[in-house]
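A.B. asks: structure for this input, please:
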Amino acid sequence: MNVAAISAPRAFDETHGIISCEFFSRRNDPNVRFSRKSFRFNQEAVNALDQTEHISVFINEAEKKLIVCPAVEKAETGAKWTYTTGKQTRPQTIASATFMKKLYEAMGWLPDNDYRAVGTVLQTQRGPMLLFGLDDTEMIVRQKEQLPL
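C.D. replies: Numbering: from 1, shown residues only. You can find the predicted model right below:
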């Protein structure tokens, strides 16, 4: 076996910093984007939950976690998060101004910005679930329209 010896910089001293994950693409990970009046998951999140039509959403305010799992039934507890075109199941926006207002207040988020959280797929006895850490979100500053001079 050939092993190359290289000298790597010491990553944890005062002269070197840790590169933030914001510089790396997370496009292939499940994520959710929150806005003032709605939220939307990406295609990877839909695929991770086997393209189920309805989901249940749980918030743990103390730990700042959001858990998403397939709804047991299409009852009032499940939110429709997909639509189907042909054979393709796609994510759709979930509108809920009241829920978003409470979530923004609980997380201390600025209402004029959007936020994105990357999720982790958990395999459980009941099937797959998504876990999002809301204390580690990316803030997305919306561009304000500029008025002509």
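
A.B. asks: was I right about Tyr115 contacting Trp109?
C.D. replies: Yes - counting by CB atoms under 8 Å, Trp109 is a contact partner of Tyr115 at 5.7 Å. The C-beta positions use only the backbone N, C-alpha and C, and glycine is treated the same way.

A.B. asks: now for the two: what residues contact both?
C.D. replies: Phe34, Thr137, Met139 (CB atoms under 8 Å, 6 or more residues apart in numbering).

A.B. asks: need the contact list for the last one.
C.D. replies: Applying CB under 8 Å, 6+ apart, one finds that Met139 lies in contact with Trp109, Leu110, Asn113, Asp114, Tyr115.

A.B. asks: so which bits of stretch 34-54 are buried?
C.D. replies: Under the neighbour-count criterion of 16 or more other CB atoms under 10 Å, stretch 34-54 has 34-35, 38-46, 48-49, 52-54 buried.

A.B. asks: quick one: the helix or strand hosting Gly119 to chain centroid distance?
C.D. replies: Element membership for Gly119 (DSSP states H and E) is strand 113-124. Taking CA atoms, centre = their mean, to the nearest Å, one finds the center of strand 113-124 at 3 Å from the center of the full chain.

A.B. asks: beta partners of the closest residue to Thr82 other than its chain neighbours?
C.D. replies: Closest residue to Thr82 apart from its sequence neighbours, by CB to CB, 6 or more residues apart in numbering: Thr89 at 5.0 Å. Bridge pairing for Thr89 (DSSP bridges) gives the partners Thr84.

A.B. asks: now the strands: where do they sit in the protein?
C.D. replies: Secondary structure of the chain (DSSP state E): strands located at 31-34, 38-41, 54-60, 65-70, 79-80, 82-85, 88-91, 94-95, 113-124, 127-133, 138-141.

A.B. asks: buried deepest among these, which one?
C.D. replies: Here the criterion is mean neighbour count by mean count of other CB atoms under 10 Å, and of the strands of the chain the winner is strand 31-34, at a mean of 21.

A.B. asks: for that one, packing partners?
C.D. replies: strand 38-41, helix 43-48, helix 97-107, strand 113-124 (3 or more CB pairs under 8 Å, 6 or more residues apart in numbering; DSSP states H and E).

A.B. asks: which ones are touching Phe132?
C.D. replies: Asn31, Val32, Lys65, Leu66, Ile67, Val68, Ala117, Val118, Gly119, Thr120.
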